[in-house]
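S.K.: let me see the structure of the following:
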Amino acid sequence: MKAIWNGKVIAESDDTRIVENNHYFPMDDIENTYFTESDHSTRCPWKGKASYFHIEVDGAVNQNAAWYYPQTSYAARPIENYVAFWNGVKVTE
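M.R.: I've put the predicted structure just below:
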């Protein structure tokens, strides 16, 4: 699977995990140069607290467009530290 934004592949993996129709990519499979930590967070009742990344490609910034769970609940352990995308990031094979 590939995650693409602003014409660049920002993540690519053969080991994504699908939860609630989102592909979660291993942290090691994202292109770190495009990601910066955000101070934004949300809470899922069954997965736990999500942290976010801003994505920047060629000067364009997509704020809070990637999220991950640094410490999940027991039920969501398979996606702990895996990254998912939204807000215009295209995930495709």
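S.K.: count the residues that sit near Ala75.
M.R.: 9 (other C-beta atoms under 10 Å). C-betas here are computed from N, CA, C, even on glycine.
S.K.: which SS state does it fall under?
M.R.: helix (DSSP: H, G, I helix; E, B strand; the rest coil).
S.K.: next: the one 3 residues further on.
M.R.: Secondary structure for Pro78, judged by three-state DSSP, is helix.
S.K.: look up how far Tyr52 lies from it.
M.R.: 20 Å (C-beta to C-beta, to the nearest Å).
S.K.: neighbour count winner among those two?
M.R.: Neighbour tally, Pro78 and Tyr52, criterion other C-beta under 10 Å: the higher count belongs to Tyr52, 19 against 10.
S.K.: so how many other residues sit close to the residue nearest to Gln63 when sequence neighbours are not counted?
M.R.: Of all residues beyond its chain neighbours, the one nearest Gln63 is His54 (5.1 Å), with distances taken as C-beta to C-beta, 6 or more residues apart in numbering. Per other C-beta under 10 Å, the neighbour tally for His54 reads 16.
S.K.: let's number from 815 now, not from 1
M.R.: Noted, 815 is the first residue going forward, which turns the last one into His868.
S.K.: ok, His868 to Trp860 distance?
M.R.: Going from His868 to Trp860 by C-beta to C-beta gives 26 Å.
S.K.: cool, Ala817 as well?
M.R.: 24 Å.
S.K.: give me the more crowded residue out of those two.
M.R.: Using other C-beta under 10 Å as the criterion, Ala817 and Trp860 rank with Ala817 on top: 27 against 11.
S.K.: please tell me how far Trp900 sits from Tyr888.
M.R.: Trp900 is 25 Å from Tyr888, by C-beta to C-beta.
S.K.: of these two, which one has the most company?
M.R.: Trp900 (12 against 7).
S.K.: and the more buried one, what is it in contact with?
M.R.: By C-beta atoms under 8 Å, 6 or more residues apart in numbering, the contact list for Trp900 reads 836, 879, 881.
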